[in-house]
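**Q** any chance you could fold what I've pasted below:
(one chain, ligands or ions: 1)
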Amino acid sequence: MTMLLEEMKLIDAHVHLSDLDYAGHIDELIADAKASGVTALMTNSMDLATCQSDLQLAEKYPCLVYPALGIHPWNVNVLKEGELEQAIELISRYKSVIKAIGEIGLDATYETVWEKQMMVFDKMLHLAETLELPVIIHSRGTTDKIIDMLPSYRLKGVLLHWFSYPLVALSKAMDKGYFITEGPPATYSSGIREIVEKVTLTQFLTETDGPVKYYKRPFCAQVTKPSFIRNVVEAVAEIKKMQVDEIAEQIFANFQLFFNIKLS
Ligand SMILES: [Zn+2]
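**A** Numbering: from 1, shown residues only. Here you go, the predicted model:
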């Protein structure tokens, strides 16, 4: 018997609940998640302050919000003195509640701070090794480089978020057992739809990357909400020529496997 669409359990595997754009609206977002069937949100930090507030959100919404903590490459240039060390200390102290090190990575459009990006990324990868946690990676313009770098670290799991190109790197990532996430662009971007078509479904998760805004239809620059996941799952089902509930069930299983979380 096929599952009723209302009963589907959906996953937002990459969101930034501590972003200032969401300040004062978290209760609404959580209500939207629950109403739309989103049963787990992996909130990703960007710097020390968002590491702290993501931990608080995970505590406030147990069994729904899970924390991935780390320093984002966009923030390496504004790190305060001692902030990196304090973040590493905080993450180490809370390792039993943290589910991944993220969002970390390298961004080719921030070339001016390349050496600092490399230094911070290396520290984050070592931290993931030490704490035996998977990593969530931002790889804008750097996917090939990152895929070449990662084998020198002993990582529990690798998730390349918003994987966009090149397609040849997708097969490398799949061969290595890495996971990828895709979000609302799966509904309108031909490039992302091609990646979804080629991805191995057991290595795939859905995301919103909220509060990033999507300007195309049906999102039209509305505030990004967990309920957008339903549109993503429907788009993936259409691309993969499968039932929506089959896609949702597979992603629900993938999330638990990748992050070592038991969802009910
Ligand atoms: Zn992100």
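
**Q** taking the stretch 1-150 of the chain, what residue is nearest to the ion?
**A** Of all residues in the stretch 1-150 of the chain, Glu103 sits closest to the ion, at 4.8 Å by CB to the ion. The way it works is simple: take the backbone N, C-alpha and C, and place the C-beta from them, glycine included.

**Q** how about the closest residue to the ion within the stretch 151-264 of the chain, secondary structure?
**A** As assessed by CB to the ion, the ion sits closest to Asp209 within the stretch 151-264 of the chain, at 4.6 Å. Here Asp209 is coil, with the state taken from DSSP: H, G, I helix; E, B strand; the rest coil.

**Q** quick one, phi/psi of it?
**A** Asp209 adopts backbone torsions of phi 60, psi 20, taken as degrees, to the nearest 10.

**Q** can you check Leu79 too?
**A** phi -60, psi 130.

**Q** and for Ala100?
**A** Here is the backbone geometry of Ala100 (degrees, to the nearest 10): phi -160, psi 160.

**Q** who's in contact with the nearest residue to the residue of the stretch 1-150 of the chain closest to the ion once chain neighbours are set aside?
**A** Counting by CB to CB, 6 or more residues apart in numbering, Glu103 lies nearest to Asn44, which is 4.1 Å off, once chain neighbours are set aside. By CB atoms under 8 Å, 6 or more residues apart in numbering, the contact list for Asn44 reads 14-16, 54, 68, 70, 72, 102-103, 136.

**Q** could you flag which of those residues are buried?
**A** Listed as buried from the contacts of Asn44 are 14-16, 54, 68, 70, 72, 102-103, 136; burial here means 16 or more other CB atoms under 10 Å.

**Q** count of neighbours near the residue of the stretch 151-264 of the chain closest to the ion?
**A** 24 (other CB atoms under 10 Å).

**Q** check it and give its pLDDT.
**A** Note for Asp209: predicted pLDDT of 97.

**Q** Glu103 reaches Ile137, doesn't it?
**A** Yes - if you go by CB atoms under 8 Å, Glu103 and Ile137 touch, sitting 7.5 Å apart.

**Q** quick one: common contacting residues for the two?
**A** His161.

**Q** what pLDDT, on average, does stretch 138-147 get?
**A** 95.

**Q** the ion contacts on the stretch 1-150 of the chain?
**A** Residues of the stretch 1-150 of the chain found near the ion (CB under 5 Å from the ion) are Glu103.

**Q** quick one, strands of the stretch 1-150 of the chain?
**A** For the stretch 1-150 of the chain, the strands defined by DSSP state E, counting those that start in this stretch cover 10-15, 38-44, 65-69, 100-105, 135-138.

**Q** want to throw those into JSON lines with distance to Ser164?
**A** Below are those laid out as JSON lines (distance: least, CB to CB, whole Å):
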{"stretch": "strand 10-15", "distance to Ser164": "14"}
{"stretch": "strand 38-44", "distance to Ser164": "17"}
{"stretch": "strand 65-69", "distance to Ser164": "20"}
{"stretch": "strand 100-105", "distance to Ser164": "13"}
{"stretch": "strand 135-138", "distance to Ser164": "11"}
